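> any chance you could fold what I've pasted below:
(chains A and B)
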Amino acid sequence: NAGVTQTPKFQVLKTGQSMTLQCAQDMNHNSMYWYRQDPGMGLRLIYYSASEGTTDKGEVPNGYNVSRLNKREFSLRLESAAPSQTSVYFCASSYGQSSGNTIYFGEGSWLTVV
Amino acid sequence: RKEVEQDPGPFNVPEGATVAFNCTYSNSASQSFFWYRQDCRKEPKLLMSVYSSGNEDGRFTAQLNRASQYISLLIRDSKLSDSATYLCVVEVSGGYNKLIFGAGTRLAVHP
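Here you go, the predicted model:
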């Protein structure tokens, strides 16, 4: 069972470069999320998509854009990467509104911006 | 002040020890509570939900004190495989229910 799959797993970017993190889920979930995790801090929500065709800002959306391409896929784009965006990024999905016992995470993407 | 606070640890304990983690939350609209486990360089995974009456799952016991806005996790008879970071997670009700993650408490169980 694939669950939530995100790519790439590791990426090094130079300041100012752009990139897209891809995420796909095969559980027929309606809601999808992008989080970032930094040392000493809990996971913070960047953007979420409650259903296909909708996206909303989370706690830390600045510097990011998202696209809910279809029910399965939710991508995160960094238009002009900054060192402050060095982080671990987790995509997640859930059937309905995020509930802590029904949300599933991808394996994470380690991004370093130099 | 962080909305969910945890002692970062690390807690270094021998196998077989009992260890307790605490978590406090500040948002009174919090309605559901969870403990997650995160292994090094892996994604978080649900360990257990936390119910008002307290609940147990094998060697793990979770407690909730809504009046004090405090959650705890007790691990009995620690195993080497329990070594991980334990995340306290609070769900806040609203137009869109929001999960708030603590930074985690690291546990290292040694032989």
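> check contacts around residue 31.
Reading this off chain A. A:Y48, A:S49, A:A50, A:S51, A:S93, A:S94, A:Y95, A:G96, A:Q97, A:S98 (Cβ atoms under 8 Å, 6 or more residues apart in numbering or on different chains). Bear in mind the C-beta positions are built from the backbone N, C-alpha and C, glycine included.
> meant chain B, my bad for not saying
The contact partners of B:Q31, by Cβ under 8 Å, 6+ apart, come to B:E91, B:V92, B:S93, B:N97.
> so how far is B:R1 from whichever residue of chain B sits closest to chain A?
The minimum distance from chain B to chain A, using Cβ to the nearest Cβ, falls at B:F101 (3.3 Å). Using Cβ to Cβ, to the nearest Å, B:F101 is found at 15 Å from B:R1.
> and if you look at B:F60?
Relative to B:R1, and taking Cβ to Cβ, B:F60 is found at 28 Å.
> who has more neighbours out of those two?
Comparing B:F60 with B:R1 by neighbour count (other Cβ atoms under 10 Å in any protein chain shown), the higher total belongs to B:F60, at 17 against 5.
> name the residues linked to A:C91 by a beta bridge.
A:W34 (DSSP bridges).
> how many other residues sit next to it?
A:C91 - counted by other Cβ under 10 Å - has 28 other residues nearby.
> I'd say it and A:G106 touch.
Yes. In this structure A:C91 lies within contact range of A:G106 using Cβ atoms under 8 Å: 4.3 Å.
> interface residues of chain A facing chain B?
A:40-45, A:48, A:50, A:56, A:90, A:97-101, A:103, A:105-108, A:110 (Cβ under 8 Å from any Cβ of the partner chain).
> residue of chain A closest to chain B, please.
Closest point on chain A to chain B, by Cβ to the nearest Cβ, is A:G42, at 3.3 Å.
> residues touching that residue, list them.
Residues in contact with A:G42 (Cβ under 8 Å, 6+ apart) are B:K2, B:V4, B:L87, B:I100, B:F101, B:G102, B:A103, B:G104.
> and those as JSON lines, adding pLDDT and distance to A:S31?
As requested, these are exported to JSON lines (pLDDT from 0 to 100; distance: Cβ to Cβ, whole Å):
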{"residue": "B:K2", "pLDDT": "83", "distance to A:S31": "25"}
{"residue": "B:V4", "pLDDT": "95", "distance to A:S31": "21"}
{"residue": "B:L87", "pLDDT": "97", "distance to A:S31": "20"}
{"residue": "B:I100", "pLDDT": "94", "distance to A:S31": "17"}
{"residue": "B:F101", "pLDDT": "96", "distance to A:S31": "17"}
{"residue": "B:G102", "pLDDT": "96", "distance to A:S31": "22"}
{"residue": "B:A103", "pLDDT": "96", "distance to A:S31": "24"}
{"residue": "B:G104", "pLDDT": "96", "distance to A:S31": "24"}
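> most neighbours of all those residues, which one?
Neighbour tally across these (other Cβ under 10 Å): the maximum, 28 neighbours, falls on B:G102.
> quick one: contacts for it?
Contact analysis of B:G102 by Cβ under 8 Å, 6+ apart lists A:G42, B:K2, B:V4, B:E5, B:Q6, B:C23, B:L87, B:C88, B:V89.
> can you list which of these are found in strands?
Among the contacts of B:G102, the members falling in strands are B:V4, B:E5, B:Q6, B:C23, B:L87, B:C88, B:V89 (criterion: DSSP state E).
> for the fourth one, list the residues it contacts.
If a contact means Cβ under 8 Å, 6+ apart, then B:C23 has B:V4, B:E5, B:Q6, B:Y70, B:I71, B:S72, B:L73, B:C88, B:G102 as its contacts.
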